[in-house]
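Enquirer: Quick one: sequence plus predicted model below, questions after.
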Amino acid sequence: MQMIINTFGSYLQKQDDCFKIKTDEKTSLVSCKKISSILISTAAYITTDAIKLAVENNIDIVFLDEYGSPYGRIWHPKIGSTTLIRRRQLEIAETRTGLDLAAGWIKAKLKNQTELLTRLRKKRPQKSADIKSFIEKINNIAEGLDNLESTLEDARGTMRGLEGSAGRIYFSALSFLLPDRFKFKGRSRNPAKDEFNVLLNYSYGVLYSRVEKACIIAGLDPYVGFIHTDHYNKKSLVFDLIENYRVWAEENVLSLFASRKVKADMFNSIPGGKTLSKEGKAVLMTSFNSFIDESIRYRNRNIKRENIIQFDCHRIANDLIGTENEK
């Protein structure tokens with residue numbers, strides 16, 4: 001499980017093989033064997049012994065800003081696997097293999113979007129016709145991904161354009177499904193302008209940290225992407241791969257609104273927008289962690305959502321090495 005520290009002034013230290021968390025309200029002990037990662041989203045103290053315990057047990061410590069975006073990570077210094085994987089990432093960027101890989105990820109993203117809307121349509125028969133229209137529009141755009149030619153570099157702009165067009169339709173559909181007081185006008189970030197985007201941005205940030213960790217463990221280079229272009233210190237592959245899992249964040253946030261768990265005290269007003277309050281982070285992360293802890297049917301096996309990311313990263317790495325071996 002993830003340990004989440006979001007109480008101002010929290011103190012994290014080591015006690016035997018456990019993490020000891022102290023706040024003004026209580027003190028807790030958690031075995032290091034039960035922790036997969038530690039997220040710190042507020043001002044907190046952490047001892048070097050606690051850091052050493054985390055490193056020794058392959059537990060990453062991730063620091064999140066007020067929007068949920070990771071700005072730092074403590075991680076062991078070893079790479080996940082052979083450098084051949086990283087070399088193959090660079091090589092296939094200039095081949096049809098790289099284009100097919102990138103297009104496949106975008107197709108999967110759009111498929112996830114339409115499948116979520118299809119599930120929502122079944123629960124909202126009074127809005128069935130409208131939801132069907134949104135689904136058809138996204139499917140029409142997705143067909144354009146079947147006609148990509150040339151190299152990844154030449155096709156990247158077209159792919160991103162199709163992805164963006166589908167995204168605008170998709171988020172219009174999600175806004176349409178929300179209660180009137182929570183409807184929003186498109187995506188907004190840093191800061192978000194509305195409650196939906198606040199919750200979604202924070203969820204994306206938590207997912208981002210999980211995808212980066214999975215890349216490192218699998219031996220993939222987080223900085224060598226395909227859909228997103230390379231820039232200094234930009235983890236392009238993480239931005240690429242997270243597209244496959246964004247729908248989890250979206251579905252969970254929608255469920256919070258549907259179950260009427262979104263309350264005014266979950267948000268703080270700041271210049272230009274809103275952020276999550278301590279109470280908001282607790283509600284969101286409790287719900288999101290339960291959601292990704294669920295087992296689903298994936299590639300002919302039952303697997304928890306949280307393990308799918310690692311499963312996929314290992315599969316990508318193995319495919320890269322397999323392609324090398326076939327040369």
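Expert: Received, thanks.

Enquirer: Every contact and neighbour count from this point should use C-alpha atoms.
Expert: Noted.

Enquirer: Could I get the phi/psi values of residue 13?
Expert: Here is the backbone geometry of residue 13 (degrees, to the nearest 10): phi -140, psi 170.

Enquirer: Please report how far it lies from residue 48.
Expert: As judged by Cα to Cα, to the nearest Å, residue 13 and residue 48 stand 8 Å apart.

Enquirer: Compare those two (neighbour count), which wins?
Expert: Higher neighbour count among residue 13 and residue 48: residue 13, with 19 against 11, using other Cα atoms under 10 Å.

Enquirer: So the more buried one is in contact with residue 49, correct?
Expert: Yes - shown here, residue 13 and residue 49 form a contact pair, counting by Cα atoms under 8 Å, at 6.7 Å.

Enquirer: can you list the weak-confidence ranges in the stretch 151-300 of the chain?
Expert: 230-233 (pLDDT under 70).

Enquirer: The helix or strand containing residue 62 pairs with which strands?
Expert: Element membership for residue 62 (DSSP states H and E) is strand 60-64. Sheet pairing of strand 60-64 (DSSP bridges) gives strand 37-40 (parallel), strand 70-74 (antiparallel).

Enquirer: In CSV: these, plus mean neighbour count.
Expert: Shown next, in CSV, are these (neighbours: other Cα atoms under 10 Å):
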stretch, mean neighbour count
strand 37-40, 20
strand 70-74, 15
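
Enquirer: Can you name every helix or strand that the helix or strand containing residue 313 contacts?
Expert: Following DSSP H and E, one finds residue 313 within helix 305-325. Using 3 or more Cα pairs under 8 Å, 6 or more residues apart in numbering; DSSP states H and E as the contact test, the elements touching helix 305-325 are helix 83-92, helix 195-218, helix 278-292, strand 295-298.

Enquirer: Find out how far stretch 214-227 is from the centre of the chain, if you would.
Expert: In terms of Cα atoms, centre = their mean, to the nearest Å, the centre of stretch 214-227 is set 14 Å apart from its chain centre.

Enquirer: An error on my part: the question was meant for stretch 133-153.
Expert: The mean C-alpha position of stretch 133-153 is separated from the chain mean by 23 Å, Cα atoms, centre = their mean.

Enquirer: Over to that stretch now: how far is its first residue from its last?
Expert: With Cα to Cα applied, stretch 133-153 spans 33 Å between its terminal residues.
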